[in-house]
Structures are given as C-alpha cells and as structure tokens.
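Undergrad: Structure for the following, please:
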Amino acid sequence: RERGLQQRRQQQQQTSAAPFCRPLHWNKTFYAFTGHKDPEEELEVARQIEPILGLWLDKNIATATKKLNDSVPLRDELDCLKSTLCQQLELLDVRWHRSWGVSHRCSQLHSLSRFAQQNSHALQNMKGCTLIFTDHTGMNAAGQVMLGTVDVHYQWTKLLERLPSYYNLHSQVSLLEERISYLLGDVQLIYDEDLQSILMLEDYYTMLKGFHQRVSVHRPLFHPRSLKGLQMILDNDCSAPKLLESGQFSIPTKCDPIVLQWFIVTHAEKARKNLKRKEELKVEEEKLIRDCTVKFGLYKLYKESGVSSEQMVKCCQRLFEEHVTELQGTHLCVSHFYSVLQDGDLCIPWDWKK
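TA: As a prediction, the model looks like this:
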C-alpha cells in the first residue's frame with residue numbers, strides 16, 4: 001500500500017513538472033469580467049481597419065517622395081562605392097543580409113574601403129568571392145564571406161587570414177554533398193538562404209558529416225539517378241521530414257534512414273510537381289514585375305524575402321488591373337504591411353485591400 005502511494009506521488013510530481021505547451025484560450029467572459037483585452041478580437045479589429053491601397057497612397061506618397069529625393073545622392077554614392085570596391089577587390093558581388101538603410105550601407109562600404117587600404121595583402125584572399133555584410137564574421141554554408149558589422153577590423157583581419165582553410169573546408173563540404181547525393185539517388189543537396197537561417201560553414205560541415213555517417217551504414221537507399229532533379233535541405237531544428245511548398249524536402253539531420261526512404265518515395269511525385277510549379281511561378285513573377293514597372297512608371301519593384309512567388313504573382317496581377325497614377329518614379333516593395341521606409345521606399349502588403 002505504501003509503495004502504491006509512493007508511485008502515485010511520483011506520477012503527480014512528474015505531471016506537475018511537465019511543461020504546459022498548449023496555448024491558453026480563455027472564455028470570452030474572462031475578458032468581459034477582468035477588463036483585459038481579447039487578443040483574437042484585437043486581431044480581427046486590426047484586419048477590419050486595414051487601409052485601402054489607394055487611400056493609403058494618397059496619404060503617404062508626398063512623404064515617400066520627399067524621402068526618396070533626399071536619398072538620391074546617397075544612393076548614387078552607394079552604387080559608386082559598391083562598383084569601385086567590387087572592381088578593386090575583384091569581388092563577385094557585395095550584398096547585405098539585413099534591410100539596412102542606404103546611409104548605413106554607405107558607412108559600411110566606407111569602413112571596408114579604409115580597411116582595404118590598410119590590409120591590401122590579406123584582401124587578396126577574397127578574390128572571386130561574394131561578400132555579405134551581416135551580424136556574423138565568417139563563411140556561410142554557401143561559401144560566401146561574411147563581415148560582421150559590429151565586429152572590429154581586427155576580427156575581419158583574422159577571418160581573411162583563415163580564408164584558405166575555409167576554402168579547404170568548403171571543398172570538403174562539396175565532397176560530402178556529392179557522396180550523400182549518390183547514396184540518395186542523385187537528389188540535389190542545397191543550402192537556400194530564403195528557406196534557412198544563416199548557417200556557418202563549420203556547422204554545415206558537422207551536419208553533413210553526421211548525416212552522411214547515418215545514411216552510409218545502409219546500402220544505397222535509392223536506385224542511382226532515380227531522384228535526379230529533386231532537392232533536399234538539411235534542418236537541425238525540424239523533428240520530422242516534410243515537403244515544402246517550394247518543392248524541397250526538408251530533412252532532419254538525425255532522420256532514420258528507413259523513415260527517410262519511405263517519406264521521399266511517397267512524396268517524390270508531388271515534389272516534382274511543386275518544383276515545376278515553382279519554376280512556372282518564377283517566370284510569371286518576373287514578367288509581371290516588368291509589366292507593372294512599365295505600366296506605372298516605377299523606378300523599382302521588388303519584394304521582401306518573406307513574400308513567396310505565389311503571393312507576389314497574386315499581388316502584381318491585381319495591381320496591374322488598377323489605375324494608380326501616384327506610383328510614378330517610386331521604389332515599391334511588396335511586403336506584409338504598409339510602411340514608408342527611411343529612404344522613401346513604399347511598402348504595401350501583398351494582399352492589399354481594394
């Protein structure tokens with residue numbers, strides 16, 4: 001009897017210690033009685049009062065135009081600095097991982113220019129690279145050089161000195177990708193910046209090595225070239241394999257090989273359809289961007305990384321049917337919200353209201 005009581009107490013302790021993961025949904029009377037705001041009700045109200053595109057443009061176009069005109073000298077300076085540095089350092093491209101303003105980007109390029117004058121020898125290791133300004137210093141999984149904007153020049157120097165070893169590690173990464181691809185029927189292993197967060201090269205190598213060891217203990221799971229044309233990304237965070245809308249397989253690094261085999265076999269046909277649809281949407285998206293740019297006299301039309309091609313296509317199709325005269329000469333960004341950026345870019349939600 002005492003043993004039974006002890007077991008019951010242990011079960012109660014375990015139950016009370018378990019995390020409560022289910023989100024709380026209070027009864028509506030709770031908010032009425034306590035005076036607290038109902039988050040679901042607030043969200044619905046926000047949706048209802050979302051502005052109409054035409055009215056929002058009428059209200060904000062003057063502010064955006066002034067900011068855009070004020071930013072023109074800085075934009076020209078940015079283009080000149082970028083072109084000069086790419087030519088001087090023999091870089092493929094200079095990019096930014098975050099949406100910093102034009103003045104911020106100019107200051108980063110000026111900092112790089114001063115650094116180049118003092119470290120011309122070390123910068124020879126960057127020839128032929130794509131350079132990205134971001135929050136980290138190192139090399140990412142795609143083999144692109146990253147300079148952390150909060151890091152001091154000493155840390156940049158250390159990175160440049162280590163670049164030859166990074167290039168060697170990147171070669172080993174490519175070799176592992178080829179070996180894994182062979183074991184998995186020639187599926188293409190990719191690292192996609194739009195689908196994955198920043199992944200350092202060292203971490204990516206560790207992921208690949210562990211995954212390769214896991215799948216190589218079995219005989220090849222698929223016939224050679226049976227999965228050619230399909231794409232796969234490795235994900236440390238997901239717990240089960242899944243097929244993304246864009247057509248890529250997202251596979252946990254610790255996925256059981258048999259589970260992996262079954263999942264890919266049962267979803268291969270849908271993956272091919274999704275990839276084909278993705279390519280079709282990309283072509284349609286590019287055409288609509290050109291058409292809208294010409295029709296409205298836009299200086300630039302682009303989208304945020306969080307906006308899919310399907311959402312962009314829907315937005316541009318509806319926009320093309322409208323008669324909007326206020327957009328002449330503007331920078332228009334398709335996003336998830338309305339905003340005027342500090343340099344005069346107009347942001348509109350992809351599902352804007354008429």
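Undergrad: What helices and strands are in contact with the one helix or strand I180 maps to?
TA: Element membership for I180, per DSSP states H and E: helix 153-183. Applying 3 or more C-beta pairs under 8 Å, 6 or more residues apart in numbering; DSSP states H and E, we find helix 153-183 packed against helix 102-118, strand 138-139, strand 145-148, strand 188-189, helix 201-216. All C-beta atoms are positioned from the backbone trio N, CA, C, and that covers glycine.
Undergrad: Reformat those as a markdown table; add distance to D237 and mean neighbour count.
TA: Below are the helices and strands packed on helix 153-183 laid out as a markdown table (distance: least, C-beta to C-beta, whole Å; neighbours: other C-beta atoms under 10 Å):
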| stretch | distance to D237 | mean neighbour count |
| --- | --- | --- |
| helix 102-118 | 30 | 16 |
| strand 138-139 | 20 | 22 |
| strand 145-148 | 21 | 20 |
| strand 188-189 | 17 | 18 |
| helix 201-216 | 11 | 17 |
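Undergrad: Residue ranges in the protein under the pLDDT threshold?
TA: 1-50 (pLDDT under 70).
Undergrad: domains for it, by residue range?
TA: Per the record, the chain has its domains at 74-255, 284-349, by automatic domain parsing.
Undergrad: okay, these in JSON lines with distance to D58 next?
TA: Below are these laid out as JSON lines (distance: least, C-beta to C-beta, whole Å):
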{"stretch": "domain 74-255", "distance to D58": "25"}
{"stretch": "domain 284-349", "distance to D58": "7"}
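Undergrad: I'd like to know which of the ones you listed is closest to A62.
TA: Nearest to A62, of all the domains of the chain, is domain 284-349, at 9.6 Å by C-beta to C-beta.
Undergrad: Which residues does stretch 117-125 contact?
TA: 89, 115-116, 153, 156-157, 160-161, 163-164 (C-beta atoms under 8 Å, 6 or more residues apart in numbering).
Undergrad: the longest helix in this protein is where?
TA: Across the chain, the helix with the greatest residue count (assigned by DSSP state H) is helix 257-296.
Undergrad: now L201, nearest residue through space, not along the chain?
TA: Closest residue to L201 apart from its sequence neighbours, by C-beta to C-beta, 6 or more residues apart in numbering: M139 at 4.4 Å.
Undergrad: ok now do the one you found, which residues does it touch?
TA: By C-beta under 8 Å, 6+ apart, the contact set of M139 is 145-146, 159, 163, 166, 169-170, 200-201.
Undergrad: and it, what are its bridge partners?
TA: Bridge pairing for M139 (DSSP bridges) gives the partners V145.
Undergrad: So K254 sits against R214, correct?
TA: Yes - K254 lies in contact with R214 (C-beta atoms under 8 Å); the separation is 7.1 Å.
Undergrad: Overlap in contacts, the two.
TA: Contact criterion C-beta under 8 Å, 6+ apart; residues shared by K254 and R214: none found.
Undergrad: follow-up on the earlier one: indicate which one of the domains of the chain is closest to I61.
TA: domain 284-349 (4.7 Å).
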